[in-house]
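Engineer: Turn this into a structure:
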Amino acid sequence: MSFFKKLFSFQKEPPKIDLVIDQTKKSFWSKIMGFISNHQNLTPETLAELEEILIQADIGIATTEKIIKILQEKVEAAKNLKSNQLTEILTEIILDILKESSSNSTQNESFTKPEVILVVGVNGVGKTTTIAKLANLYKNNGLKVLVGAADTFRAAAPEQLQRWMSKLNIEVVSQGLGADPSAVAFDTINKALSKEFDIVIIDTAGRLHNKIHLMEELSKIKRVIQKKIPNAPHEILLVIDGSTGQNALIQAQEFSKVTPITHIAVTKLDGTAKGGVLIAIADQLKIPVKYIGAGEKIDDLMYFDAEKFIHSLLSKPTL
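Structural biologist: A predicted model of the protein is given here:
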């Protein structure tokens, strides 16, 4: 088990995955059960109805077509495949999609000191809150955390980050609104090295309406970091809002054009029926989902477990 998976195994018990995806689970499970009860045998013709169910769960058209194609091949091969086998088959297909994205992870799972995490994402997705949750998690597990407020473009962004870190008693390097983001990153790394911090989390601006400027800014931040730590940043974490469904996928696609993304954190899944977007992201971008924001509390952060997610999604909801 890697250092980071061990880290999450030690944390305070977070909300169970069943509760996090409760809205998606209720909607998806009821529709699947309705489909099964209406079809004694699966045929290529009846799969069109299932395709609509998957799309409504925000799995997306392209990924849904992929799932249906694989399922159709299994139907044709089995000849008399029964509908009550659907849950088992869907679980296998979707789990394969999620595992394929995880196998493409580029992060070195061994712990490097300091471990540098660059956080990206558009305004309003919960980026600052996610940074606070991550910082809190690392601190609670005995690690010395430093945060760099390099989102100097958005009004009040550095102040918002400082307020969070003040509550957590975690140090922040900030130069205020309008400062050079790469200068903030450079000062953050210098302090991390001189004061022997274990974890460095650097916030960045998310101006996708100006991709060229954002790309230049992120490239400059990475260059100044690498002057001090050649293999950093060790992780580039994209934060997206799961409640926006396919818009979250579009954001992930656009950010991937600007900078390599190693992992994704999906926020606000606890209040939406659009949790199927996790499957679409894994399939279309081949970027692993690493974290799920499970609520508004500082401890509400989960390490994403593909098997638990799929088994929960396709099991009967609790009343």
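Engineer: tell me the average confidence for stretch 78-95?
Structural biologist: For stretch 78-95, mean pLDDT is 78.
Engineer: Pretty sure residue 213 sits against residue 206.
Structural biologist: No. Counting by Cβ atoms under 8 Å, residue 213 does not reach residue 206; the two are 11.6 Å apart. C-beta here means a position set from N, CA and C on the backbone, and glycine is covered the same way.
Engineer: Just want to know which of these two has more residues nearby.
Structural biologist: The neighbour comparison of residue 213 against residue 206 (other Cβ atoms under 10 Å) goes to residue 206, with 24 against 12.
Engineer: That one in helix, strand or coil?
Structural biologist: coil (DSSP: H, G, I helix; E, B strand; the rest coil).
Engineer: Once you drop chain neighbours, what's closest to it?
Structural biologist: Sequence neighbours aside, residue 122 is the residue nearest to residue 206 in space, at 4.0 Å (criterion: Cβ to Cβ, 6 or more residues apart in numbering).
Engineer: doesn't the one you found fall inside a helix?
Structural biologist: No. Applying three-state DSSP, one finds residue 122 to be coil, outside a helix.
Engineer: Now it: phi and psi?
Structural biologist: When quoted as degrees, to the nearest 10, the phi and psi of residue 122 stand at phi -70, psi 160.
Engineer: residues contacting it?
Structural biologist: 206, 208, 251 (Cβ atoms under 8 Å, 6 or more residues apart in numbering).
Engineer: what does residue 275 give?
Structural biologist: Applying Cβ under 8 Å, 6+ apart, the residues near residue 275 are 21, 23, 24, 25, 57, 58, 242, 269, 313.
Engineer: quick one: which of those residues is nearest residue 102?
Structural biologist: Nearest to residue 102 out of these is residue 313 (Cβ to Cβ; 16.8 Å).
Engineer: mind checking pLDDT for the closest one?
Structural biologist: 79.
Engineer: separation between it and residue 22?
Structural biologist: Separation of residue 313 from residue 22 (Cβ to Cβ, to the nearest Å): 11 Å.
Engineer: quick one, which of those two is more surrounded?
Structural biologist: Neighbour count, other Cβ under 10 Å: between residue 313 and residue 22, residue 313 has more, with 24 against 21.
Engineer: I'd say that one and residue 23 touch.
Structural biologist: No. Residue 313 is beyond contact range of residue 23, at 11.4 Å (criterion: Cβ under 8 Å).
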